[in-house]
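S.K.: sequence plus predicted model, see below.
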Amino acid sequence: MRAPSLNPVSQMKFPGQRKSKHYFPVDRRDPMIQPLASPEGQPPYVVGIDQTLVDIEAHVDDAFLARYGLSKGHSLLVSDDTAEAIYQAILAGQLVESEFAGGTVANTLHNYSVLSDSRSILLGVMSEQIGVGSYAYRYLCSTSSRVDLNHLQPVQGPIGRCFTFVTQDGDRSFGISPGAMNRLSHQYIPESVINGAAALVISAYLVRGEEGDTMKASAMKAVSLAKAAGVPVVLTLGTRHVIEADPAWWQAFIAEYVTVLAMNEEEGAVLTGQQDPLAAAAKALEWADLVLCTAGPLGLFMAGYTDEAFKRETSHPLLPGCIPEFNRFEFSRPMRRTDCQAPLAVFSHISPYMGGPHKIKNTNGAGDGALSAVLHDMAANCFHRTSVPNSAKHVAPFLSYSSFAQLCKYANRVSYEVLCQSSPRLSRGLPEREDSLEEAYWER
Ligand SMILES: Nc1ncnc2c1ncn2[C@@H]1O[C@H](COP(=O)(O)OP(=O)(O)O)[C@@H](O)[C@H]1O
Ligand SMILES: Nc1nc2c(ncn2[C@@H]2O[C@H](COP(=O)(O)O)[C@@H](O)[C@H]2O)c(=O)[nH]1
């Protein structure tokens with residue numbers, strides 16, 4: 001097994017490091033700031049729960065998907081027999097492109113750790129016996145050493161397999177063979193780990209299991225602990241099939257536990273009944289505090305709250321949409337609705353960075369990438385609050401370090417990088433020498 005991945009530094013890479021004038025040093029603008037000489041403790045970490053699985057990527061045509069009952073663009077469970085038939089078919093056709101650690105939350109944590117150069121903690125299962133070359137082995141090999149795997153639960157049997165089918169249009173469809181991935185016991189949800197986190201990340205996939213699976217109960221324990229400790233719960237919806245089974249249950253769950261909701265426009269449509277991603281994000285604000293809605297080639301939307309007292313007007317052109325001039329206050333920073341004396345709904349949108357990559361081989365993980373950027377900004381805010389507690393940045397309990405507009409830019413930039421690297425897990429962070437997101441964006 002790997003050595004414990006403890007963070008040897010008491011620093012954290014900030015989202016804005018590439019254009020420091022937008023971010024640091026804040027003390028030049030605020031003479032009240034008294035940075036702590038030595039911030040107490042370690043930088044914040046993000047914890048997530050996932051079904052440990054390996055993505056087995058194969059390039060196939062639509063007929064192949066139809067043959068095995070898969071749904072284009074979505075994730076479905078497959079039986080052991082179907083999994084075996086699929087595996088034999090892709091082996092025989094020499095269609096396997098790669099076998100790489102996956103899982104929507106684990107991808108997000110991996111990317112968070114790559115971007116922030118900081119620790120995240122993954123909760124889930126791992127095969128107790130690991131042979132060289134096995135799926136469990138591949139999983140460990142392709143996970144960042146900054147992702148702490150020391151809290152995983154050892155289980156008998158294999159981790160999950162996610163057949164990841166990429167069709168000619170670059171879209172991806174998944175067939176899941178669960179193995180032991182849903183056997184996480186509530187005993188492997190450590191209270192101290194949840195309580196000390198900057199955020200808890202879960203996905204809607206965690207409730208999709210079979211009779212006797214313990215994953216859902218474990219996830220419910222974690223969200224209850226997080227709620228009690230005031231730790232933001234971040235939910236990513238994963239696939240529309242899970243949501244459309246019972247949208248009302250999800251609405252109630254989000255209202256009860258979730259601070260940050262991440263979804264794509266399809267998932268947003270089944271959750272809210274609104275096809276338009278901006279309208280879906282606005283509707284979801286009835287239940288969540290902050291919403292990220294990715295919309296493929298349309299880019300992404302964010303929606304959230306800020307207090308009237310802290311609203312900041314944009315200097316960008318005002319945008320038309322189902323909510324006219326919806327981005328007027330996008331320079332504000334997000335807050336929980338209950339932390340606002342006079343809550344104001346705020347919206348922002350951004351088109352794909354640089355208009356998107358010239359060629360997209362595979363959209364796998366683009367949405368997870370966007371969420372990892374938002375998490376990075378939230379954790380950076382926690383770190384800054386601990387390091388410079390009397391900064392003007394913390395006159396109110398903001399959820400993120402940056403404004404809605406900056407969050408959108410950063411999230412979109414990371415999605416672009418995922419698309420360019422053609423992998424849901426970044427093998428490297430963003431370029432250090434990209435000294436301005438805006439300039440790079442406009443100087444195409
Ligand atoms: N065809 C595309 N062209 C340009 N950018 C894209 C394209 N597809 C996705 N993106 C970028 O990736 C982000 C997330 O993509 P999306 O497909 O909505 O996520 P998901 O993987 O969750 O379905 C988008 O907000 C956009 O920035
Ligand atoms: N934990 C689970 N992860 C899953 C499941 N089905 C697919 N996936 C993972 O999603 C990412 C791609 O995400 P996206 O942003 O393109 O939607 C991929 O790496 C898969 O491993 C599942 O049932 N559970």
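M.R.: That came through, no problem. Ligands and ions are numbered 1, 2, ... in the order given.

S.K.: show me what contacts the residue in the stretch 151-300 of the chain positioned nearest to ligand 2?
M.R.: Residue of the stretch 151-300 of the chain nearest ligand 2, by Cβ to the nearest ligand atom: residue 205 (3.5 Å). In short, each C-beta sits where N, CA and C put it, glycine included. Residue 205 is in contact with 51, 75, 104, 238-239, 242, counting by Cβ atoms under 8 Å, 6 or more residues apart in numbering.

S.K.: and the residues you listed, which of them are in strands?
M.R.: Judged by DSSP state E, the contacts of residue 205 include residue 75 as members of strands.

S.K.: any chance of the contacts of residue 205 in JSON lines, with pLDDT, distance to ligand 1 and neighbour count too?
M.R.: Shown next, in JSON lines, are these (pLDDT from 0 to 100; distance: Cβ to the nearest ligand atom, whole Å; neighbours: other Cβ atoms under 10 Å):
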{"residue": "51", "pLDDT": "97", "distance to ligand 1": "17", "neighbour count": "29"}
{"residue": "75", "pLDDT": "89", "distance to ligand 1": "11", "neighbour count": "22"}
{"residue": "104", "pLDDT": "96", "distance to ligand 1": "9", "neighbour count": "29"}
{"residue": "238", "pLDDT": "89", "distance to ligand 1": "8", "neighbour count": "26"}
{"residue": "239", "pLDDT": "88", "distance to ligand 1": "9", "neighbour count": "24"}
{"residue": "242", "pLDDT": "93", "distance to ligand 1": "13", "neighbour count": "20"}
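
S.K.: also within reach of ligand 2: list those from the contacts of residue 205.
M.R.: Contacts with ligand 2 within the contacts of residue 205, as defined by Cβ under 6 Å from any ligand atom: 51, 75, 104.

S.K.: which of these sits closest to residue 180?
M.R.: If you rank those by distance to residue 180 using Cβ to Cβ, residue 51 comes first, at 9.5 Å.

S.K.: that closest one and residue 182 touch, don't they?
M.R.: Yes. Under the criterion of Cβ atoms under 8 Å, residue 51 makes contact with residue 182 at 6.2 Å.

S.K.: and for these two, which residues touch both?
M.R.: residue 215.

S.K.: tell me the contacts of the closest residue to ligand 2 within the chain?
M.R.: The chain approaches ligand 2 most closely through residue 102 (2.7 Å), counting by Cβ to the nearest ligand atom. Residue 102 makes contact with 53-55, 162, 164, 424-425, according to Cβ under 8 Å, 6+ apart.

S.K.: let's see it at 10 Å
M.R.: 50-57, 110, 139, 142, 160-162, 164, 174, 176, 364-365, 368, 423-425 (Cβ atoms under 10 Å, 6 or more residues apart in numbering).

S.K.: can you pull out the helices in the protein?
M.R.: 62-67, 80-92, 104-116, 135-141, 191-195, 215-229, 240-244, 247-257, 265-272, 277-284, 366-387, 404-421, 437-442 (DSSP state H).

S.K.: deepest of those helices, which one?
M.R.: Compared across the helices of the chain, helix 104-116 shows the largest average neighbour count, a mean of 28 (mean count of other Cβ atoms under 10 Å).

S.K.: show me what whichever residue of the stretch 201-350 of the chain sits closest to ligand 1 is bridged to.
M.R.: Nearest residue of the stretch 201-350 of the chain to ligand 1, counting by Cβ to the nearest ligand atom: residue 294, 3.2 Å away. Beta bridges link residue 294 to residue 264, residue 300 when assigned by DSSP bridges.

S.K.: tally of neighbours for it?
M.R.: By the measure other Cβ atoms under 10 Å, the count of residues near residue 294 is 25.

S.K.: ok, it - contacts?
M.R.: With Cβ under 10 Å, 6+ apart, residue 294 has these contacts: 262-265, 267-268, 277, 300-302, 366-371, 411-412, 415.

S.K.: quick check: closest non-adjacent residue to the residue of the chain closest to ligand 2.
M.R.: Using Cβ to Cβ, 6 or more residues apart in numbering and skipping residues adjacent in sequence, the residue nearest residue 102 is residue 55, 3.4 Å away.

S.K.: distance of the nearest residue to residue 424 once chain neighbours are set aside from residue 404?
M.R.: For residue 424, ignoring the flanking residues on the chain, the nearest one in space by Cβ to Cβ, 6+ apart is residue 365 at 2.3 Å. Taking Cβ to Cβ, to the nearest Å as the measure, residue 365 falls 23 Å from residue 404.

S.K.: again, but for residue 129
M.R.: 48 Å.

S.K.: ramachandran coordinates for the residue nearest to residue 424?
M.R.: Main-chain torsions, residue 365, degrees, to the nearest 10: phi 90, psi 0.

S.K.: for it, give me its contacts.
M.R.: Contacts of residue 365 by Cβ under 10 Å, 6+ apart are 55, 102, 104, 107-108, 110-111, 164, 172, 372, 415, 418-419, 421-426.

S.K.: let's see that with 7 Å instead.
M.R.: Contacts of residue 365 were listed using Cβ atoms under 7 Å, 6 or more residues apart in numbering, and they are 107, 418, 423-424.

S.K.: next one: residue 254
M.R.: Residues in contact with residue 254 (Cβ under 7 Å, 6+ apart) are 235, 261, 287-288.

S.K.: residue 375 too?
M.R.: Taking Cβ under 7 Å, 6+ apart, we find residue 375 in contact with 46, 108, 112, 199, 201, 234.
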